[in-house]
Each structure stands twice: as C-alpha cells, then as structure tokens.
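[1] Whatever this is, show me its structure:
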Amino acid sequence: MESAPLRIHHLQHVPFEDLGSMRTLLSARGHALTASHLYRGDPLPDIDTFDWLIVMGGPMGIADETEYPWLVAEKRLIREAIDAGRTVLGICLGAQLIAAALGARVYRGAHREIGWFELERHEAAPGCAVGRTLPDRMTAFHWHGDTFDIPDGALPLASSEACANQGFVFRERVVALQFHLETTPDGAARLVEHCADELDGSRYVQAPAEMLGERRRFATINAVMDAILVEMESVCLRSRTG
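    Numbering: from 1, shown residues only. Modelled structure (predicted):
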C-alpha cells in the first residue's frame with residue numbers, strides 16, 4: 001500500500017466480542033490497530049489519534065449507563081468522531097450507539113434475533129459503495145434484541161424478517177451494521193458460551209448446534225465483511241488526504 005497506514009482504533013465492550021475476521025484483513029493491509037477495552041477500564045482515545053473508529057458489540061444496552069458508566073463518554077466520543085470527519089464503523093451494539101449519536105431512537109425490537117437469518121438488501125442501498133457490496137439476499141449471523149430507527153440523512157442498507165432496520169450508511173464514511181459479518185466460528189462459540197441465557201427458544205433464536213454446525217457460512221460472511229472494509233478504507237484514505 002503506497003500511502004501511510006491508517007490508524008484504526010476499536011472500542012471493545014466485553015472480552016468475547018473482538019474484531020473477529022476484520023483483524024486479519026486490516027493487519028494484512030498494513031494498518032496500525034489499537035484498542036480500548038472498556039470492560040477493563042482502558043481510557044478512550046483522543047480524537048486526533050485515529051483515522052477510523054470501529055465500535056464493537058456487547059450484551060449491554062445503550063442506556064445501561066449506571067452499570068456501565070463508560071457508555072456516557074463513549075457516546076460523546078462517537079459523536080465527536082462523526083463531527084470531526086472520521087470514518088466510523090459500528091457492529092451490533094456499536095451500530096445502536098451510532099444511531100443514538102445521530103439522534104435516532106434505539107429500542108427493544110419486536111423479536112430477539114440470534115443465529116443465521118436472511119437479509120434483504122434495501123432498494124436504496126446501491127446508492128453507496130458499501131451498499132453495493134451487499135448481495136440482494138444473503139444469510140448473515142445475528143445476535144441482538146434491540147434495534148434502531150434510521151437516522152435522518154442516512155441510507156438504509158438491509159432488513160430481515162425479524163428486524164426491519166439492519167443497517168445504514170451516513171455520509172459514506174459512517175456505517176452501522178446491526179448484523180454480524182465479522183464473526184468467526186470461534187467468536188460464535190464464545191457468544192454461545194457467555195450469552196447462553198439469551199437462547200430462549202423463541203421464533204428467531206436458534207439452538208447452538210444450528211448456529212455452529214456449518215463452518216463454511218462464516219467464510220461467506222467474512223468475505224462480505226472484507227469487501228465492506230475495503231470500501232471504507234478507500235473512503236478513509238480519501239478523507240485523510242482531502
């Protein structure tokens with residue numbers, strides 16, 4: 001890569017939800033990766049120390065500030081990063097935090113959605129580069145109970161039978177994905193281990209054997225995640241030099 005490496009910082013909320021497959025691609029492309037592990041008290045980064053912020057998932061909700069007081073400062077950082085023109089990617093809880101930072105409502109969904117369920121790309125999604133990386137239909141991995149409204153000015157990406165708003169893009173450089181494309185077999189197994197209390201057998205909640213049985217599914221979603229990261233990398237490089 002000819003240009004200087006991007007400075008990519010991720011916010012991690014629990015030990016078992018990390019960058020997953022994203023680490024392999026971003027490392028291979030030569031970028032500098034740093035992290036704040038908020039569950040162990042790491043400080044948040046200064047806005048001038050990163051080009052790209054990645055906000056990961058977690059079992060907490062965005063309003064659980066009493067139990068997780070770092071959420072207050074984290075929300076402020078996300079808004080500051082967006083306002084400062086940084087590239088921002090949110091996964092699951094991270095997507096909900098971005099939605100809230102942009103003024104959208106975040107709330108309990110009609111259904112808990114855990115396991116492999118089909119996504120349908122929104123008709124408006126091809127209007128942005130990230131949206132064009134998504135196929136018209138694909139099976140993605142999910143693990144969430146909350147959802148969000150699409151913020152004003154954002155482009156919706158996809159929906160599922162259980163959840164109407166599965167993601168959005170704001171100003172090309174802010175991407176929120178309610179679903180998981182970064183999850184690896186090991187990551188899914190750790191979710192099952194640590195969040196087994198959420199496997200309630202409801203309509204859109206699969207059993208562990210069904211979630212973990214077909215390893216090839218993970219390679220498929222990881223390839224789509226790679227394509228999204230490459231598009232976001234391009235946006236981030238342009239914004240840094242422009």
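[2] What are the boundaries of the strands in the protein?
    7-12, 32-37, 52-55, 87-91, 106-121, 137-148, 155-156, 158-160, 167-170, 174-177 (DSSP state E).
[3] Dump those strands into CSV; add mean neighbour count, mean pLDDT and distance to residue 69 as well.
    The way it works is simple: take the backbone N, C-alpha and C, and place the C-beta from them, glycine included. As requested, the strands of the chain are arranged in CSV below (neighbours: other C-beta atoms under 10 Å; pLDDT from 0 to 100; distance: least, C-beta to C-beta, whole Å):
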stretch, mean neighbour count, mean pLDDT, distance to residue 69
strand 7-12, 23, 98, 15
strand 32-37, 15, 98, 14
strand 52-55, 26, 98, 17
strand 87-91, 27, 98, 20
strand 106-121, 18, 97, 18
strand 137-148, 21, 98, 19
strand 155-156, 20, 98, 32
strand 158-160, 21, 98, 32
strand 167-170, 28, 98, 27
strand 174-177, 28, 98, 23
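[4] who wins for proximity to residue 65 among those?
    When these are ranked by proximity to residue 65, the top entry is strand 106-121, at 13.1 Å, counting by C-beta to C-beta.
[5] got CSV for the strands of the chain, with distance to residue 211 too?
    Shown next, in CSV, are the strands of the chain (distance: least, C-beta to C-beta, whole Å):
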stretch, distance to residue 211
strand 7-12, 22
strand 32-37, 25
strand 52-55, 23
strand 87-91, 17
strand 106-121, 5
strand 137-148, 8
strand 155-156, 26
strand 158-160, 15
strand 167-170, 21
strand 174-177, 18
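[6] Point out the one among those that comes closest to residue 62.
    Using C-beta to C-beta, the strands of the chain put strand 106-121 closest to residue 62, at 5.3 Å.
[7] and residue 67, how many neighbours?
    8 (other C-beta atoms under 10 Å).
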